[in-house]
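predicted structure and sequence below. I'll ask about it afterward.
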Amino acid sequence: MRQTLDYLKETPSQTAGPYVHIGLAPGAAGFDIYAQELGHDIAGPNAKGERIRVEGRVIDGMGSPIKDVLLEAWQANTDGIYAHPEHLGEVEDGFRGWGRVIPDFDTGNWTFETVKPGAVTDLNGRQMAPHISLWIVARGINVGLQTRLYFSDETSANAADPVLNLIEWERRRATLIAERTDSDGTPVYRFDIKLQGEDETVFFDI
Amino acid sequence: MQPGPYYQRDRQWQPPALTSDYKTSVSRSPQYSMISLETTVSEITGPVFGHNDIDPIDKDLLSNYAKPGESPIGERIILHGRVLDENAKPVPNTLVEIWQANSGGRYRHKKDTYLAPIDPNFGGCGRTLTDENGYYAFRTVKPGAYPWRNWVNNWRPAHVHISIFGSAFAQRLITQCYFEGDPLIAKCPIVNSIPNPDAVDQLVARLDLNATIPLDTIAYKFDIVLRGRRSTLFENRPEGN
């Protein structure tokens, strides 16, 4: 008898299309249907740590901001703990660590508010610099793109980060660093994601 | 004990980023190679959802936007199946979200200018959690095919968009479900972004007469497979993960 490996194959991905907001954020698409929408609040009012704002755009190969994009953010709390049963440790009430990010449909600018995550100790003891994982879907993107946002004011942690150090071309590491500016008291990090070109953002096959 | 890492995504089964017959991918596909990353704790964790996040009516597109006593126009269907991983283990309590055009092929979205009418009783979105066996079910109408601007005369096959979380950010997936027997499937540049015909076949829901409600609602079955992971001993789950 011929032995078979009876694994299943992962369902193939397909583009989220231009109307992804109908399904995942109908309020942004212009109609109220659910009692509550998901992903509005990454870090609730009880979340510990420094409040920050992240601003950016997703830019295509022609240099135009993508206005029908949807991003999801996933991050640890200020102590570096994920709100998930497989990460040891508790997070504070109201800290979810996950959010949906929707652009302004006219300009493509998006912004979200959260707390700055702490450094994350991986399960094998490695220390990762503070970062936010991002997942990007839109019309024309066949498989959701994974990237990470790191913080410009974490110079020494970034220099030691095992993931950033995997990027052989040191100049490309800069595409994952969000620049900090302080405006009206709230720290703002600027993070543009470029899908193509010389400064193309680094994406990960995870 | 350390949980097992996820199996690598099969990039030859999944569509590549650049598929020039699907024209929008030309300017939206990264040109450099992705950096391969062994999954860290950031990828093997992911958001957790519970019954307080959603309402039971959210999975019923026949009534979640309809005026009382009314219902959407179109063929009433049950779309159901299981969410499994590549080891054929059910994925329980995970969020499944869908969105679709109405039975005329029109989306409830201001940018959709197709001539087919908006259905006043159809919103076009739903969501549910899988049960402990990974099972999910929606009631909806079968969406219509519609034209789109790619080549001059492209028509999308009838389809439902599906978003699934799994239990880790590494499993995050958005796909589309097509319907058995639709002659437009083979002609669609988005479907054909998938290189392998067997992989395309995995996106075609089968007519499921066993699950119909006689004289009421027809049914299609669509199973979803998320990435599997290597089995690693858990102290609290000695039988494996």
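Everything's here; your move.

what sits opposite A:F204 in the beta ladder?
Following DSSP bridges, A:F204 is listed with bridge partners A:Q146, B:I35.

oops, could you answer that again for A:W74 instead?
A:W98, A:S133.

let me see the contact set for it.
Residues counted as contacts of A:W74 (C-beta atoms under 8 Å, 6 or more residues apart in numbering or on different chains) are A:Y82, A:G97, A:W98, A:I132, A:S133, A:L134, A:W135, B:S42, B:T45, B:G46, B:P47, B:F169. For every residue, glycine as well, the C-beta is placed using N, CA and C.

same question for A:Q146.
A:Q146 neighbours (C-beta under 8 Å, 6+ apart): A:S133, A:L134, A:W135, A:I136, A:F203, A:F204, A:D205, A:I206, B:E43, B:F169.

wait, which of those is closest to A:Y34?
Nearest to A:Y34 out of the contacts of A:Q146 is A:W135 (C-beta to C-beta; 21.2 Å).

what's around the closest one, how many residues?
A:W135 has 19 neighbours, counted by other C-beta atoms under 10 Å in any protein chain shown.

who's in contact with it?
Taking C-beta under 8 Å, 6+ apart as the contact definition, A:W135 lies against A:L71, A:E72, A:W74, A:G144, A:L145, A:Q146, B:F169, B:R172.

which of these sit farthest apart?
A:W74 and A:L145 (13.8 Å).

quick revisit: filter the contacts of A:W74 down to the buried ones.
A:Y82, A:G97, A:W98, A:I132, A:S133, A:L134, A:W135, B:S42, B:T45, B:G46, B:P47, B:F169 (16 or more other C-beta atoms under 10 Å in any protein chain shown).

can you pull the pLDDT of the first one?
Confidence at A:Y82, expressed as pLDDT, is 96.

ok, the fourth one next?
What the model reports for A:I132 is a pLDDT of 98.

right, and it touches A:L149 too?
Yes - at 4.5 Å, A:I132 counts as touching A:L149 under the criterion of C-beta atoms under 8 Å.

any common contacting residues for the two?
Common neighbours of A:I132 and A:L149 (C-beta under 8 Å, 6+ apart) are A:V54.

where do the helices sit along chain B?
Taking DSSP state H to define them, one finds helices in chain B at B:24-28, B:41-44, B:197-201.

got the CA coordinates for the last one in CSV?
Think helix B:197-201. Extracted in CSV, the C-alpha atoms of helix B:197-201 (Å, rounded to 0.1, in the frame of the first residue of the first chain):
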residue,chain,number,x,y,z
PRO,B,197,-6.7,24.0,-10.5
ASP,B,198,-7.0,21.9,-7.4
ALA,B,199,-6.6,25.0,-5.2
VAL,B,200,-9.3,26.7,-7.2
ASP,B,201,-11.6,23.8,-6.7
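
okay, buried residues for that helix please.
For helix B:197-201, by 16+ other C-beta under 10 Å, it's B:A199, B:V200.

give me the below-cutoff pLDDT ranges for chain A.
Low-confidence segments of chain A (pLDDT under 70): none present.

the helices in it, which residues?
Under DSSP H, chain A gives helices at A:20-24, A:26-29, A:155-159, A:170-173.

will you turn the contacts of A:W135 into JSON lines that also has distance to A:A178?
Below are the contacts of A:W135 laid out as JSON lines (distance: C-beta to C-beta, whole Å):
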{"residue": "A:L71", "distance to A:A178": "13"}
{"residue": "A:E72", "distance to A:A178": "17"}
{"residue": "A:W74", "distance to A:A178": "15"}
{"residue": "A:G144", "distance to A:A178": "20"}
{"residue": "A:L145", "distance to A:A178": "17"}
{"residue": "A:Q146", "distance to A:A178": "16"}
{"residue": "B:F169", "distance to A:A178": "19"}
{"residue": "B:R172", "distance to A:A178": "21"}
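
of those, closest to B:C188?
Checking those against B:C188 with C-beta to C-beta, the nearest one is A:G144 at 19.8 Å.

which residues of chain B score low on pLDDT?
B:1-3, B:232-241.
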